[in-house]
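Undergrad: Okay, predicted coordinates and the sequence, questions at the end:
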Amino acid sequence: MKHITAFLFFMALAVSSPAQPLIVFDKTTHDFGKVNETEGEAVYDFTFKNTGATPLIIKNVAATCGCTTPEWPRQPVAPGGSGKIKVSYDVKGRPGAIDKTITVLSNGKPETVHLHITGEVVGFDRAPAEAYRFPAGDIRLSEKHISFDRVWSYEKPALTVTAYNPGPNAVKISFTDLPPHIKAEASPATVEKEGRARILITFDAARKNDWGFVIDRISLVLNDDLSRTYPLPVTATIREDFSRWTAVQLRNAPVATLENATVEAGKIKQGEKKEYRVKLTNSGKSKLLLRKVDSSDPQITVSCPKEIAPGASAELLLSYNTAGRKGLQDKAISIITNDPQNEQITLRLKADVE
């Protein structure tokens, strides 16, 4: 009797409970293939059907990023009815792969459905506006200066900058103000309308015969017109490659030690010229070379010897002209040596100019 009662209860419950709507998509993944960025948008409609016995309500549709915009029916979809989820992907400014997921939430079964879009956005040629952003007369350049960063003192590296000719006439490229340690060559030398040229810059560090940060300014000449040239700065930081030193050289290397790393000048009246002395000691076993001493302020000059013998000390004489300066000053003096452990020493000069 109990079994019959339970069976009748569940049958009554099934009759009194409405059947859940069923959401069935034609497909849940769409591949756009290759899409040109110039098209602006890639759009696809995912179609679905309610195969259940009660109305289907789409509660929400969410994409994984703002570049993907979904649209869906806001009204219930009747049993046997169909609808679509419109997915728009903004391809502008997004060259590369498309791989996005769209999540559909409803009162149907299943309650959550994941849609997937894939493809590839093919970028357009940004030559004039983006790839070649720096104008130089009738051409545009990919870089506004050549930076070699770190260069070993024996190296001869080369870098390139690309020139683009937006037209309408051919442009011949040549160079002026080339120092002996820099070579520049444009290939081709004459750039036709909407053409490109590869400008090869070669930097000979040994021939430069300098240390630390260096800057040169070469100039582009267009169509042999020397009355108007276009600067192209070339920078490098020349260093010694201590990895080439032998074990004996390293054991007997010089050791540079500053008596004080900071000169506290205190208060100075504007327009005064002050001098300060700082002792530099070589406690190593070979000659210490002071290859370059340079200040961040042209009104600070430094007098010092070119070399310091093993076990000896020498004074660096700093002269500071405060003309035109005012308030707190914090200046850096760079000392480049042949000490493998102290290749570049920074000495600071601090003052309050009244």
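TA: Alright, I've got the coordinates.
Undergrad: Need the pLDDT of the closest residue to Ser106 other than its chain neighbours.
TA: Closest residue to Ser106 apart from its sequence neighbours, by Cβ to Cβ, 6 or more residues apart in numbering: Ile58 at 5.0 Å. Every residue, glycine included, has its C-beta placed from N, CA and C. Note on Ile58: pLDDT of 95.
Undergrad: Can you spell out the domain ranges of the protein, please?
TA: What automatic domain parsing lists as the domains of the chain is 20-122, 127-239, 248-353.
Undergrad: Pipe the ones you listed into a markdown table and attach mean neighbour count per row.
TA: Formatted as a markdown table, the domains of the chain follow (neighbours: other Cβ atoms under 10 Å):
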| stretch | mean neighbour count |
| --- | --- |
| domain 20-122 | 16 |
| domain 127-239 | 16 |
| domain 248-353 | 16 |
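Undergrad: still on that earlier bit, might one say that the residue nearest to Ser106 is in contact with Ile102?
TA: No: if you go by Cβ atoms under 8 Å, Ile58 and Ile102 don't touch, sitting 11.9 Å apart.
Undergrad: Common neighbours of these two, please.
TA: Common neighbours of Ile58 and Ile102, counting by Cβ atoms under 8 Å, 6 or more residues apart in numbering, are Ile85.
Undergrad: how much space between Thr202 and Phe242?
TA: 25 Å (Cβ to Cβ, to the nearest Å).
Undergrad: scratch that, Arg198 is what I was asking about
TA: In this view, Arg198 and Phe242 are 34 Å apart by Cβ to Cβ.
Undergrad: any weak-confidence spans in this structure?
TA: For the chain, the stretches with pLDDT under 70 are 1-18, 124-130.
Undergrad: if you skip the residues just before and after it, what's nearest to the residue nearest to the spatial centre of it?
TA: For the chain, Glu143 is the residue whose C-alpha lies nearest the centre (Cα atoms, centre = their mean; 13.1 Å). Excluding its sequence neighbours, the residue lying closest to Glu143 (Cβ to Cβ, 6+ apart) is Val161, at 4.5 Å.
Undergrad: and the one you found, what are its bridge partners?
TA: Counting by DSSP bridges, Val161 forms beta bridges with Ile199.
Undergrad: How about the contacts made by Leu115?
TA: By Cβ under 8 Å, 6+ apart, the contact list for Leu115 reads 25, 28-30, 46, 85, 87, 101-104.
Undergrad: typo on my end, Gly81
TA: When contacts are counted by Cβ under 8 Å, 6+ apart, Gly81 touches 49-50, 56.
Undergrad: Okay, and which of those residues map to strands?
TA: Of these, the ones assigned to strands by DSSP state E are 49-50.
Undergrad: Please report phi then psi for Ala309.
TA: Its backbone dihedrals place Ala309 at phi -70, psi 160, with angles given as degrees, to the nearest 10.
Undergrad: my read: it touches Gly284, true?
TA: No: the criterion here is Cβ under 8 Å, and Ala309 misses it with Gly284 at 10.1 Å.
Undergrad: Now do the strands in the stretch 201-350 of the chain.
TA: Assigned by DSSP state E, counting those that start in this stretch, the stretch 201-350 of the chain shows strands spanning 212-222, 229-239, 256-258, 262-268, 273-282, 288-295, 300-303, 307-308, 313-321, 327-337, 344-353.
Undergrad: just the contacts of Leu115 now: which is nearest Arg228?
TA: Using Cβ to Cβ, Val87 comes nearest to Arg228 of these, at 53.7 Å.
Undergrad: C-terminal to whichever strand or helix holds that closest one, which secondary structure element comes first?
TA: Assigned by DSSP states H and E, Val87 falls within strand 82-90. Downstream of strand 82-90, the next assigned helix or strand under DSSP H and E is strand 96-106.
Undergrad: Quick check: which helices or strands does that next one pack against?
TA: Applying 3 or more Cβ pairs under 8 Å, 6 or more residues apart in numbering; DSSP states H and E, one finds that strand 96-106 contacts strand 58-63, strand 68-71, strand 82-90, strand 112-122.
Undergrad: In TSV: the ones you listed, plus distance to Thr301.
TA: What follows is the helices and strands packed on strand 96-106, written out as TSV (distance: least, Cβ to Cβ, whole Å):
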stretch	distance to Thr301
strand 58-63	64
strand 68-71	62
strand 82-90	59
strand 112-122	58
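Undergrad: Nearest to Glu71 among the strands of the stretch 201-350 of the chain would be which one?
TA: When those are compared by Cβ to Cβ, strand 229-239 sits nearest Glu71, at 51.4 Å.
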